[in-house]
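Q: sequence plus the predicted model coming up.
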Amino acid sequence: MSMKTLVLTIAVLSLAAILAACDPNPQPLALTPIPTLAPAGAATLAPALQEPDAGGTTPGQADANQGAQIYQQNCSACHGAQGEGGIGPALRDSQYIQTAGDQAITDTIANGRAGTAMAAWSQAQGGRLTDVEIADVVAFLHTLQP
């Protein structure tokens, strides 16, 4: 192993150790908690999405409660537990979420974003989320907006 390779390897391992010891999602002091979601079946401010039913949701209506759970399991590591951002951009009070439209947000989650760390999450693209789960996450993201 060359000296350059050895130095680079040590630097990468040191950086990995430092990052592993850090809190991956530090919480800004002024952040409010994730809003309480309405019980299933209750009217919410989250708009209905026109997604096919794959069980569990009414056709045309995504479930923000389910989306909150899916978000915590799959998205919070990069976007923060409360959408405050981190490795990925903030999704709470996001101009993109407020203006892009549900299809554009769905496409971003499903297909990822070229040139960024945002991977494709759709099962059709090799990810782990179904179309209904992605629709549920989009519905949840709307609850993080003012």
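A: Noted; the coordinates are in hand. Bear in mind the structure is a predicted one, so any value in this text is a computation, not a measurement.
Q: residue ranges with poor pLDDT in this protein?
A: Counting by pLDDT under 70, the chain has low-confidence residues at 1, 15-60.
Q: try it again at 80.
A: Applying pLDDT under 80 to the chain flags residues 1, 4, 6-8, 11-60.
Q: which residues of it fall in strands?
A: In the chain, no strands are defined using DSSP state E.
Q: okay, helices next: where are they in it?
A: With DSSP state H as the criterion, the chain has helices at 3-21, 64-74, 76-79, 95-99, 102-111, 131-143.
Q: what would those look like in TSV with distance to residue 87?
A: Where you see a C-beta, it was placed from the backbone N, CA and C, and this is true even at glycine. TSV is the format used below for those (distance: least, C-beta to C-beta, whole Å):
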stretch	distance to residue 87
helix 3-21	10
helix 64-74	13
helix 76-79	4
helix 95-99	16
helix 102-111	15
helix 131-143	17
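Q: determine which stretch of those is the most buried.
A: Comparing those by mean neighbour count (mean count of other C-beta atoms under 10 Å), helix 131-143 comes out on top with a mean of 24.
Q: could you check the angle helix 64-74 makes with that one?
A: 100 degrees (axes from the mean of the first three to the mean of the last three C-alpha atoms, to 10 degrees).
Q: okay, helix 131-143 in CSV with CA atoms only?
A: Written as CSV, here are the backbone C-alpha positions of helix 131-143 (Å, rounded to 0.1, in the frame of the first residue of the first chain):
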residue,chain,number,x,y,z
ASP,A,131,-46.3,3.9,-4.2
VAL,A,132,-48.8,4.0,-1.4
GLU,A,133,-46.1,4.5,1.2
ILE,A,134,-44.6,7.3,-0.8
ALA,A,135,-48.0,8.9,-1.1
ASP,A,136,-48.4,8.6,2.7
VAL,A,137,-45.0,10.3,3.2
VAL,A,138,-46.0,13.2,0.9
ALA,A,139,-49.2,13.6,2.9
PHE,A,140,-47.1,13.7,6.1
LEU,A,141,-44.8,16.3,4.6
HIS,A,142,-47.8,18.6,4.1
THR,A,143,-48.4,18.5,7.9
